[in-house]
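S.K.: Have a look at this fold, sequence not included:
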């Protein structure tokens, strides 16, 4: 029997004001059976009409309107610093929550006081296809979403420990975020976007925190709704539908995650997988997107910064 919680949950939503995503998400939050909620919206639209409409129709939210374009991790950090809850639910605006999502998910934090992350069952918007049933670390040191793209046939109905949680619907214990924070950064702002969820999960595991899967906590996600071109929404092979800037983030952030979190033993054991992955990615870039090579080299300073953060963690 899970302990029933009435702790304050801070919901942090980063929005670019695309389509009607935010309105649909806020409507699903309003229907939550869990009562004690704080809603923080980080408006990254740079559209005055959009943020005026937010305050007009949703008077019960805390709104942060950015005067400049924020990277995703920066926006989340602002939201976390604004928040008061002991539990923090970070949401993409292209998500809709089942009405019992928070009630089901938060109780699993009480299974073990070292559970710092909880994932629900995240389905695509068709409510039939799995988007994620937990984040895992692959042998080639990339993020692996369990069940990604499979039809939901009830094959992931067991509550169990996992590695981490998908960033689109990421539920954290504040105590974990505080314990892994470097300076004022919970999420590493050098990442901009992509792999920030795996970095948090790997850092958390390194500090003794655990992640747990709650299959009765259901959410629906429009995969790629906020970052891909319209013809790429919900499709596999995400990099084909990203801008060059976002694809550079996708490439560099896997390396940043490994530099910050991989042990020497882990690197040795997984070196053949890592080399294979690097070879395939390099071939893809050379044949299909050679213009990315220069942009990747211009981002090498982030690798040095990651080494500094790894030394801070070891201290």
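M.R.: Received it, and whenever you're ready, just let me know what you need. Model, not experiment: these values are computed from the prediction.

S.K.: Could you look up the SS state of residue 59?
M.R.: Here residue 59 is coil, with the state taken from DSSP: H, G, I helix; E, B strand; the rest coil.

S.K.: what's the pLDDT at it?
M.R.: You'll see residue 59 listed with a pLDDT of 81.

S.K.: do the same with the one 4 residues further on
M.R.: The score at residue 63 is 94. That number is its pLDDT.

S.K.: Residue 238 now?
M.R.: pLDDT for residue 238: 58.

S.K.: Please apply the same query to residue 234.
M.R.: In this model, residue 234 carries a pLDDT of 54.

S.K.: any idea how far the nearest residue to residue 164 once chain neighbours are set aside is from residue 257?
M.R.: Nearest non-adjacent residue to residue 164, counting by C-beta to C-beta, 6 or more residues apart in numbering: residue 201, 2.3 Å away. Just so you know, the C-beta spots here come from the backbone N, C-alpha and C atoms, and that holds for glycine as well. Using C-beta to C-beta, to the nearest Å, residue 201 is found at 10 Å from residue 257.

S.K.: Same question for residue 205.
M.R.: As judged by C-beta to C-beta, residue 205 and residue 257 stand 12 Å apart.

S.K.: Can you list the neighbours in contact with the helix or strand that residue 80 is a member of?
M.R.: In this assignment (DSSP states H and E), residue 80 forms part of helix 72-82. Identification of contacts with helix 72-82 by C-beta atoms under 8 Å, 6 or more residues apart in numbering yields 10, 12-14, 40, 42, 44, 62, 64, 66, 70, 88, 90, 177, 184-189, 191-193, 196.

S.K.: cutoff 7 Å now
M.R.: Helix 72-82 is touched from outside by 12, 14, 40, 42, 44, 62, 64, 88, 90, 177, 184-189, 191-193, 196, with contacts defined as C-beta atoms under 7 Å, 6 or more residues apart in numbering.

S.K.: Settle this for me: the residue nearest to residue 164 is touching residue 118, isn't it.
M.R.: No. Using C-beta atoms under 7 Å, residue 201 makes no contact with residue 118, being 11.8 Å away.

S.K.: so what sits against both of those two?
M.R.: Taking C-beta under 7 Å, 6+ apart as the contact rule, residue 201 and residue 118 both touch residue 165.

S.K.: what sits against residue 31?
M.R.: Residue 31 neighbours (C-beta under 7 Å, 6+ apart): residue 99.

S.K.: do you know how far it is from residue 192?
M.R.: Using C-beta to C-beta, residue 31 is found at 33 Å from residue 192.

S.K.: ok so, going back, the contacts of helix 72-82, buried ones only, as a ChimeraX selection?
M.R.: Selecting just the buried residues from these in ChimeraX takes one command, with 16 or more other C-beta atoms under 10 Å as the test:
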select :12,14,40,42,44,64,88,90,177,185,186,187,188,189,191,192,193,196
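
S.K.: picking up where we left off before, now for the helix or strand encompassing the residue nearest to residue 164, which elements pack on it?
M.R.: Assigned by DSSP H and E, residue 201 belongs to helix 196-206. Applying 3 or more C-beta pairs under 7 Å, 6 or more residues apart in numbering; DSSP states H and E, we find helix 196-206 packed against strand 115-124, strand 135-137, helix 174-180, helix 244-261.
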